[in-house]
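> Got a predicted model here, sequence first, then my questions.
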Amino acid sequence: MTLVAGLRAASYGIPFQPVAGVHGSELARVNQWQTLRDPYGSGTDVFVIPAIRPDIAVIHAAEIDELGNARIYGSPFWDHPLTRAAKRVLITAEKRVTTDHLREQPELTLVPGFMVEAAAVVPRGGWPGSMHPYYEIDYAAVERYMEDAPGVLEQHLAEAPETTPTP
Amino acid sequence: MNWTPFSFIVINLARQIRAGEITFSGVNSTLPMIACMLAKRAYDFDFTWINVAGGVEPQPLAVPQSSSDPAIVHGSAAIFANQDFYDLCARGGLDLVYLGCAQIDAEGRTNVSAIGSWENPRVRLPGGGGAAVMLPTAKRVVTWRTDHTTRALVDKLDFVTAAGHMTALVTPLAVFTREPRNGSRFRLEHYHPATDIKQIAAQTGFAFESSGAQPAPPPTPREIDALNALDSDGAFAVTVTG
């Protein structure tokens, strides 16, 4: 939430973002977060989080057209603040669609093409995570990956969609 | 039915939910997720369940292993994603939030940041995921531990990640409650009938008031039926060994 406050500050074009809560947390000390007194007289002290401006945001979308317009189905999680805060936006997507298809429901386009620097179509690119509505979490793959043993990372990468031929 | 560590935690988490409230379950919170689903089946009152996957009153077809699985958006008539539920909490609109802890102290402060010192930790933990904002801004926060040890229930936290409106701590042995205000300490409210206050004190790192503590009321037939339906093959129960 404080991370998002930093991303919001960047997306709003301001140096810091007020955020609720945080009082009593040692995260304020170790991150050197400051408070500001409400200048409008409520007497409330509010923590302000410095802007976080990522160089690059990479998100995985459901559909993308040749102009870079990217559609998300289901929850966007943090894709909106991430793509607005970053200097550059890269997209991977499950499938390529026509612009006419996106025009039918423009409200589902989370990132308009003018913000997108580059994109790649990567079917199953969310693996081993889920990608609504195409596939669910591959729990078995996650559990294999979690094992701390030689060769686990190599095996994981060998299974990844980026390294397997698309049917 | 005798309590199991799994049923004791899930049912006592579900019993924290109140009529008419907006209740939130987050990431790495499988037991609270099941508790919300159990409350929908076992209790007659209405409440609103929203979750970290963006679901609002979802109708999941099954109970996913992960509490952030989009499976708990299925059947939802709205998507209320991360920015929305955090902002709702920040403006005081979440009545009950389940937040996890690695360590917890008598005043309901939590550590999910580091074991050992922050600068040179023995274990670097995943972090709060919004806890520092949600614990002081939610009206009530409830936490749980699948072990009841002096390692987790401590007199002094290694690091204070979040402080605020903690009102209940559920373990396989006990339910502690406190008022959501500064200085209020956990008191023992209910305990597993197979244990006693002395045993709980020996396994708890902080001192607590226990006058008036009672054995937890046994699970009701509806709570048992709901839990059996949600974990029909016992796959979740075996993960909680107490």
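Arrived safely.
> can you list the residues of chain A near chain B?
With C-beta under 8 Å from any C-beta of the partner chain as the criterion, chain A meets chain B at residues A:1-2, A:4, A:19-28, A:30, A:74-78, A:80-81, A:130, A:132, A:136-137, A:139. Every residue, glycine included, has its C-beta placed from N, CA and C.
> Please narrow these to those residing in strands.
Assigned to strands by DSSP state E, the following of these qualify: A:V19.
> can you pull the buried residues of the longest helix along chain A?
Ranked by residue count and defined by DSSP state H, the top helix of chain A is helix A:2-12. Buried residues in helix A:2-12, counted by 16 or more other C-beta atoms under 10 Å in any protein chain shown: A:T2, A:V4, A:A5, A:G6, A:L7, A:R8, A:A9, A:A10, A:S11.
> thought the fifth one was touching A:L82?
Right, the one you point to is A:L7. Yes - A:L7 lies in contact with A:L82 (C-beta atoms under 8 Å); the separation is 6.5 Å.
> Are there residues contacting both of these two? Which ones?
Shared contacts of A:L7 and A:L82 (C-beta atoms under 8 Å, 6 or more residues apart in numbering or on different chains): A:P54.
> which sections of chain A are below the confidence cut-off?
A:165-167 (pLDDT under 70).
> Spell out which residues make up each domain of it.
A:2-50, A:56-162 (automatic domain parsing).
> distance between the ends of the longest one?
So the one you mean is domain A:56-162. Taking C-alpha to C-alpha, to the nearest Å as the measure, domain A:56-162 stretches 20 Å from start to finish.
> what helix or strand is the residue of chain A positioned farthest from its centre on?
Here chain A reaches farthest from its C-alpha mean at A:G41, the gap being 36.5 Å by C-alpha atoms, centre = their mean. Per DSSP states H and E: A:G41 is located in neither a helix nor a strand.
> again with A:Q17
Taking DSSP H and E as the definition, A:Q17 sits inside strand A:16-19.
> got it, and A:A119?
Secondary structure (DSSP H and E) places A:A119 in strand A:116-121.
> go on, A:A61?
Assigned by DSSP H and E, A:A61 belongs to strand A:56-64.
> Given that strand, what are its sheet partners and their directions?
strand A:70-71 (antiparallel), strand A:88-96 (parallel) (DSSP bridges).
> deepest of those, which one?
For those, the largest average neighbour count (mean count of other C-beta atoms under 10 Å in any protein chain shown) is found in strand A:70-71, namely a mean of 25.
> Tell me how far it lies from the chain's centre.
On the basis of C-alpha atoms, centre = their mean, to the nearest Å, strand A:70-71 sits 13 Å off its chain's mean C-alpha point.
> what does stretch B:73-85 give?
Chain-centre distance of stretch B:73-85: 21 Å, with C-alpha atoms, centre = their mean.
> Check stretch B:193-200 too.
The answer for stretch B:193-200 is 21 Å, by C-alpha atoms, centre = their mean.
> export it as PDB, just CAs?
Extracted as PDB, the C-alpha positions of stretch B:193-200 are listed here (Å, rounded to 0.1, in the frame of the first residue of the first chain):
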ATOM      1  CA  PRO B 193     -11.200 -28.100  25.800                       C
ATOM      2  CA  ALA B 194      -8.400 -30.600  25.700                       C
ATOM      3  CA  THR B 195      -5.900 -28.100  27.100                       C
ATOM      4  CA  ASP B 196      -6.000 -25.700  30.000                       C
ATOM      5  CA  ILE B 197      -4.900 -22.100  30.900                       C
ATOM      6  CA  LYS B 198      -1.700 -23.200  32.500                       C
ATOM      7  CA  GLN B 199      -0.600 -25.100  29.400                       C
ATOM      8  CA  ILE B 200      -1.500 -22.200  27.200                       C
END
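> average model confidence for that stretch?
Mean per-residue pLDDT for stretch B:193-200: 96.
> in chain B, which helix has the most residues?
helix B:30-42.
> Quick check: which helices or strands does it pack against?
helix B:5-14, strand B:22-25, strand B:48-51, strand B:140-144, helix B:221-230 (3 or more C-beta pairs under 8 Å, 6 or more residues apart in numbering or on different chains; DSSP states H and E).
> can you tell me which of those comes nearest to B:V73?
With C-beta to C-beta, the closest approach to B:V73 among the helices and strands packed on helix B:30-42 belongs to strand B:48-51: 7.9 Å.
> what's next to the closest one, contact-wise?
Strand B:48-51 has contacts (C-beta under 8 Å, 6+ apart) with B:21-26, B:33, B:36-37, B:39-40, B:55-58, B:67-68, B:72-73, B:80, B:85.
> List the buried residues in it.
B:W49, B:I50, B:N51.
> List the beta-bridge partners for the last one.
The residues paired with B:N51 through beta bridges, assigned by DSSP bridges, are B:S25.
> Contact residues of chain B facing chain A?
Within reach of chain A by C-beta under 8 Å from any C-beta, chain B has these residues: B:53-54, B:64-66, B:69-71, B:73, B:79, B:81-83, B:86, B:89-91, B:109, B:113, B:118, B:128, B:130, B:132-137, B:159-164.
> Report the buried members of those.
B:53-54, B:64, B:66, B:69-71, B:73, B:79, B:81-83, B:86, B:89-90, B:109, B:113, B:128, B:130, B:132-137, B:159-164.
> Let's have the domains of chain A in TSV, adding distance to B:S232.
Listed next are the domains of chain A as TSV, based on distance: least, C-beta to C-beta, whole Å:
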stretch	distance to B:S232
domain A:2-50	38
domain A:56-162	18
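> Those domains: which one's closest to B:A237?
That would be domain A:56-162 among these, by C-beta to C-beta, at 17.5 Å.
> Which residue lies nearest the spatial centre of the chain?
I went with chain A, as the question did not name one. A:D79 (3.8 Å).
> that's the wrong chain, I meant chain B
B:T143 (3.4 Å).
> Show the contacting residues for that residue.
Applying C-beta under 8 Å, 6+ apart, we find B:T143 in contact with B:Y98, B:L99, B:G100, B:C101, B:I104, B:G108, B:T110, B:M166, B:A168, B:L169, B:V170.
> check contacts around the fifth one.
With contacts taken as C-beta under 8 Å, 6+ apart, B:I104 has the following neighbours: B:T110, B:N111, B:T143, B:R145, B:A152, B:L153, B:V154, B:L157, B:M166, B:L169.
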